[in-house]
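1. sequence first, predicted coordinates after that:
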Amino acid sequence: MADYLDPQINTDQDEANPSLHSSLNQSDCERFSHNPYIVPTLFFLMFPIALLLNLVAAWVSVHLKSTSTFVVYLKNLVAADIIMTLMIPMKAAADLPTTWDTMAGPTCRFFAVIFYNAQYTCIALLGLISLDRFFKIVMPHSRMFGQSLTVSKVISAAVWLVLFGGTGLPNILLTNKSVANASLITTCMVLKGPAGVQFHEQTSLLLNTFFWFVSVVIVVCYICIANRVVQSYRNSGSNNSQGKQKIKLRVFLVIIVFFICFGPYHIIRIPYTSQQVSYTDTDCSQTYEHLRFAKELSHWLATTNICMDPLLYVFLCREFKEKLISTSGWEIREEKGIELFTSLFVCEIVYFSPLLLFFQCPLSQQQENIQKRVEEDVCGSNPDG
């Protein structure tokens, strides 16, 4: 079993795979064509912020009863964010030129696999939350899409099982080679056999497609939710045409920002994976090195999501915020908190609700009532889901 998990790459194997042999023996091929400290430094700077925010979110979620489908998905999202946060130091350390030789093996086999699977678990849960809120707000009388606690728990468990069991575990098992000289490892593909390389390419393309599918779901759901909010204005008799225009503009902006955050990584991932799985001379090409740097930088941008989510829980979910206050004894000044959140993190609103679209001063009593009613729906604070 040990030989299967960690067979040595020997001369016979190199002769059987000349392209791999050529890749490993190009001594003039440098792993880092760009400043190797830029991306790791960004990840290290992100880590304490993400850790603090997600530990607070996890602490509150433990004390939060699963009284709605929203809270079920939220708790699973917190768990995925925590896993990603804990993997950041290993990922950042592995990208440093001074520690790559030591960290390459465990990172390629375990840390990177766990990190990426947790990321796509987050994406899946964000899609589920958008669907949950869509049916709750746009179709409140519908019992579609598992508007029950039991079904939401089953769906959440299925997401973890499919992503970690269906893609993560095979990647770990198929990353089963090692080299005598770790400095020869220019990419994680060196540690994979032919089956591992093929599986990596297929899962990368599959998860990329999955991301774009979820993106479409999120965009459609929140455009529909925004339209429902506009309709609430009309039903209330409000003639605030300026407010309606702001809603439409901000929905457009948050969708654009969403794709700015996550789009670059998934666009770059396609050509990068195509080059990554090739063992010819791509490991030494400038194109490959530029793609690798762009992929790492755009992945950092996508990872900043784990710092945004906890702020959303506090400022957008009434139940989460009340539990935080009651269990900690802290006093949160809502006006200043929301003002700060609006100015810094307005892009993330697309995940959960268009509540920030109501932040206009002054609000009429009717508008305040609409805002309160929609907030209760969006945050899932009603016991029935």
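-> Arrived safely, thanks for sending.
2. please report the distance of Ser215 from Ile83.
-> Ser215 sits 22 Å away from Ile83, going by Cβ to Cβ, to the nearest Å. C-beta here means a position set from N, CA and C on the backbone, and glycine is covered the same way.
3. repeat for Glu201
-> Glu201 sits 24 Å away from Ile83, going by Cβ to Cβ.
4. the two - which one has more neighbours?
-> Ile83 (19 against 16; other Cβ atoms under 10 Å).
5. what helix or strand is that one on?
-> With secondary structure defined by DSSP states H and E, Ile83 is part of helix 69-94.
6. how about that helix: buried residues?
-> 69-88, 90-94 (16 or more other Cβ atoms under 10 Å).
7. how about stretch 270-280: buried residues?
-> 272-273, 275-279.
8. which one of these is nearest to Thr287?
-> Proximity of those to Thr287 was ranked by Cβ to Cβ; the top entry is Gln275 with 6.8 Å.
9. what about that closest one, is that helix, strand or coil?
-> helix (DSSP: H, G, I helix; E, B strand; the rest coil).
10. what's the pLDDT at it?
-> In this model, Gln275 is scored at 82, pLDDT.
11. I'd like the distance between it and Ile268.
-> 11 Å.
12. repeat for Ala57
-> 29 Å.
13. out of the two, which sits in the busier spot?
-> Ala57 (27 against 20).
14. now do the contacts for that one.
-> Ala57 makes contact with 78, 81, 309-310, 313 under the criterion Cβ atoms under 8 Å, 6 or more residues apart in numbering.
15. what sits closest to Phe111 if chain neighbours are left out?
-> Excluding the flanking residues, the one nearest Phe111 by Cβ to Cβ, 6 or more residues apart in numbering is Met90, at 4.2 Å.
16. ok, now which ones touch that neighbour?
-> Applying Cβ under 8 Å, 6+ apart, the residues near Met90 are 103, 106-107, 111.
17. mind giving me the ChimeraX select for the residues you listed, buried ones only?
-> Entered in ChimeraX, the line below selects the buried ones among these, by 16+ other Cβ under 10 Å:
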select :103,107,111
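18. closest one to Val197 out of the contacts of Met90, please.
-> Closest approach to Val197 among the contacts of Met90 (Cβ to Cβ): Thr107, at 17.2 Å.
19. before we move on, what SS does that closest one have?
-> Classified using three-state DSSP, Thr107 is helix.
20. does it really touch Lys91, like I thought?
-> Yes: using Cβ atoms under 8 Å, Thr107 is in contact with Lys91, at 6.9 Å.
21. any shared contact partners between the two?
-> Contacts common to Thr107 and Lys91, judged by Cβ under 8 Å, 6+ apart, are absent.
22. and Val220, what element?
-> helix 194-235.
23. just checking, what packs against that helix?
-> On a contact count with 3 or more Cβ pairs under 8 Å, 6 or more residues apart in numbering; DSSP states H and E, helix 194-235 meets helix 112-137, helix 169-174, helix 241-276, helix 365-378.
24. hmm, try it at 6 Å
-> helix 112-137, helix 169-174, helix 241-276 (3 or more Cβ pairs under 6 Å, 6 or more residues apart in numbering; DSSP states H and E).
25. can you say which of the ones you listed is packed in most?
-> helix 112-137 (a mean of 23; mean count of other Cβ atoms under 10 Å).
26. tell me the helix or strand right after it.
-> From helix 112-137, the next helix or strand downstream (DSSP H and E) is helix 149-160.
27. per-residue confidence at Ile129?
-> For Ile129, the predicted pLDDT is 85.
28. quick check: closest non-adjacent residue to Phe110.
-> Once flanking residues are discounted, Phe110 sits nearest to Ile172: 6.4 Å by Cβ to Cβ, 6+ apart.
29. contacts for stretch 163-172 next, please.
-> Here stretch 163-172 makes contact (Cβ atoms under 6 Å, 6 or more residues apart in numbering) with 109, 113, 117, 120-121, 199, 203.
30. from these, which single one is nearest Ser148?
-> Distances from Ser148 to the contacts of stretch 163-172, taken by Cβ to Cβ, are shortest for Thr121, at 21.5 Å.
31. for Leu163, see how far away the closest one is.
-> Where Leu163 is concerned, Thr121 sits at a distance of 5 Å (Cβ to Cβ).
32. now Ala94
-> With Cβ to Cβ as the criterion, Ala94 and Leu163 are 22 Å apart.
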